[in-house]
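> Quick one, what's the 3D model for this:
(2 chains)
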Amino acid sequence: MESGNIAWVLISAALVLFMTPGLAFFYGGMDRNRNVLNMLMMNFYCVLIIPILWVAVGYSLSQNPFDADFIGGFDSFFLKDITVAGDGMTLATVAFLGMFAAITPALISGAVADRMKFSAWAIFVPIWSLLVYVPVFKWVYGGWLADRGSIDFAGGTAIHVNAGIAALAAVMVLGKRKSAPTPPHSMPLVMIGTGILWFGWFGFNAGSALAANGAAAQAFMNTFLAAAAAGLAWILIEWLRDGHPTNLGAASGIVAGLVAITPAAGYVSGASPIFIGLIAGAICCYAVRLKHKFGYDDALDVVGVHFVGGLVGSLLIGFFANPSFFEGSFMEGIFYGGGAKLLLEQAIANGAAIVWSFVLTYGIMVLLKKTIGVRVSEESEAAGLDLAEHGETAYNN
Amino acid sequence: MKLITAIVKPFKLDDVKDALKAAGVQGITVSEVRGFGRQGGHTETYRGAEYKIDFVPKARLEIVVADDAVDGVIDAIKAAASTGKIGDGKIWVTGVDRIIRIRTGEEGHDAV
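Presented below is the predicted three-dimensional model:
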């Protein structure tokens, strides 16, 4: 039995790694053709720097000791004392969790597109990971938020709400792009990215069972049902409201559904994932308009999809959580005989993550702004970041 | 000699090429361009936000012919490129001072 568990966790780790390139293409295709390489680079950079940081101190601070309330220590510095002995599950889990640590800051790249200095991004990512990602992760997994009874199966709060609100803080400091937004330069790239994300997300959600068992299988089911329902909801709304169903709408809906089911994947059953997907898809379809209303330039809708989708999914756990299906020890949701306690704890957990992430991200960005600067020059912004920051052109003819 | 420049709808390019060959034209140069005339652009909607796209894709043909062949070529292009709908394009004629065949150095009518 053990070998099945480790096999599944290792495969899931590889699936989650694949999601960072998937995200890179999802965003890159939406971006301008003269900034696509900058977008890809911001994402790929995360899987270069974060794995090293993770095995050095990230894993140790966020999970050792597991039941530390606010932050861990340095006992697992460079994975000291973690060996192949026993079932090797610890090693596999470190690798698996490291992939999540890598993709979380990458989510922010979509918001800061087209104007952020790559040197500022390069410093932002590891600092953000240590000061924001690691503490929030600790609170949610074995820390004080978990002790209060809130639940987050694969990282709705710890990853999507966290990065989503950080994206808002980041663009508030960064400022708006100088020129008007443009349509996606390559919808085929966006759809490739979406497919890779959906495929990888099976590892993200079902792998979080950390076992090859029934919970993983249900999380798998929930992952494709919610994505499908959310994609349908988005394109139906678009069709009726705007006149055409679009590929971008389908892609956005799918991702919104995947984000929303992430915290709930191992806690809901039956038709619940379909409802969660429909609700999240519909809400996010309108939430992407908030930036026009409130005037923040979230270039590729990280706030509207990841923050809102993650928050919606995390709160819906308060309604749909079904412990008896999973033979689990978590609280029931309102529709399954529970009271509002779980919903309340979900709200508190997300509130805590939102406050911490927003404040610290804002502070990190302001510090960078005052030292090395966070924006490229106006000329670079107009000419394109691929050439200005990387000396590369994506399309040579 | 004259240079005939024609802007046509991209999907009409093959029909125009066949018509030109049938008319005896031996060489043309084609490029993909964007533009607008009275056709105007269109609107695309992405995530509920509308984007006005002013330019429409077109194909540009450039053909150098002897003076007495101009009318025949124009008639061939008009017939092949026409759909009757707005956006069919335009043809204009300008003079060519000199033309040289690179391989042989021939000039003038021998180079057309």
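
> remind me which residues of chain A are low pLDDT?
Within chain A, the stretches with pLDDT under 70 are A:1, A:86, A:397.

> can you list the residues of chain B near chain A?
Where chain B comes near chain A, counting by Cβ under 8 Å from any Cβ of the partner chain, the residues are B:44-49, B:51, B:53. For every residue, glycine as well, the C-beta is placed using N, CA and C.

> and with 10 Å instead?
B:43-51, B:53 (Cβ under 10 Å from any Cβ of the partner chain).

> for the longest helix belonging to chain B, which positions count as buried?
Longest helix of chain B, by residue count under DSSP state H: helix B:70-81. For helix B:70-81, the neighbour count (16 or more other Cβ atoms under 10 Å in any protein chain shown) marks B:70, B:73-74, B:76-78, B:80-81 as buried.

> so how far is it from its chain's centroid?
Centroid displacement of helix B:70-81 relative to its chain, using Cα atoms, centre = their mean, to the nearest Å, is 10 Å.

> State the mean pLDDT of that helix.
What helix B:70-81 shows for mean pLDDT is 97.

> cool, stretch B:44-58 as well?
For stretch B:44-58, mean pLDDT rounds to 88.

> What is the end-to-end distance of that stretch?
One end of stretch B:44-58 sits 18 Å from the other (Cα to Cα, to the nearest Å).

> Go through that stretch and flag the buried ones.
B:45-48, B:56, B:58.

> Next, format the buried residues of helix B:70-81 as a markdown table and append distance to B:G89.
Formatted as a markdown table, those follow (distance: Cβ to Cβ, whole Å):
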| residue | distance to B:G89 |
| --- | --- |
| B:V70 | 17 |
| B:V73 | 15 |
| B:I74 | 12 |
| B:A76 | 14 |
| B:I77 | 9 |
| B:K78 | 10 |
| B:A80 | 11 |
| B:A81 | 6 |
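
> closest to A:G72 among those?
B:A81 (71.7 Å; Cβ to Cβ).

> mind checking how far the closest one is from B:D15?
Here B:A81 is placed at a distance of 7 Å from B:D15 (Cβ to Cβ, to the nearest Å).

> returning to what we had before: and which of the residues of chain B next to chain A is nearest to A:F153?
Out of those, the member with the shortest distance to A:F153 (by Cβ to Cβ) is B:R47, at 27.9 Å.

> Identify the residue nearest A:K369 in space, chain neighbours excluded?
Nearest non-adjacent residue to A:K369, counting by Cβ to Cβ, 6 or more residues apart in numbering or on different chains: A:V173, 5.9 Å away.

> Measure how buried the one you found is and give me the count.
Neighbourhood size, A:V173 [other Cβ atoms under 10 Å in any protein chain shown]: 18.

> which secondary structure elements does the longest strand anywhere in chain B contact?
When chain B is parsed with DSSP state E, its longest strand is strand B:56-65. Taking 3 or more Cβ pairs under 10 Å, 6 or more residues apart in numbering or on different chains; DSSP states H and E as contact, the helices and strands that strand B:56-65 lies on are strand B:2-8, helix B:13-22, strand B:29-35, helix B:70-81, strand B:89-95.
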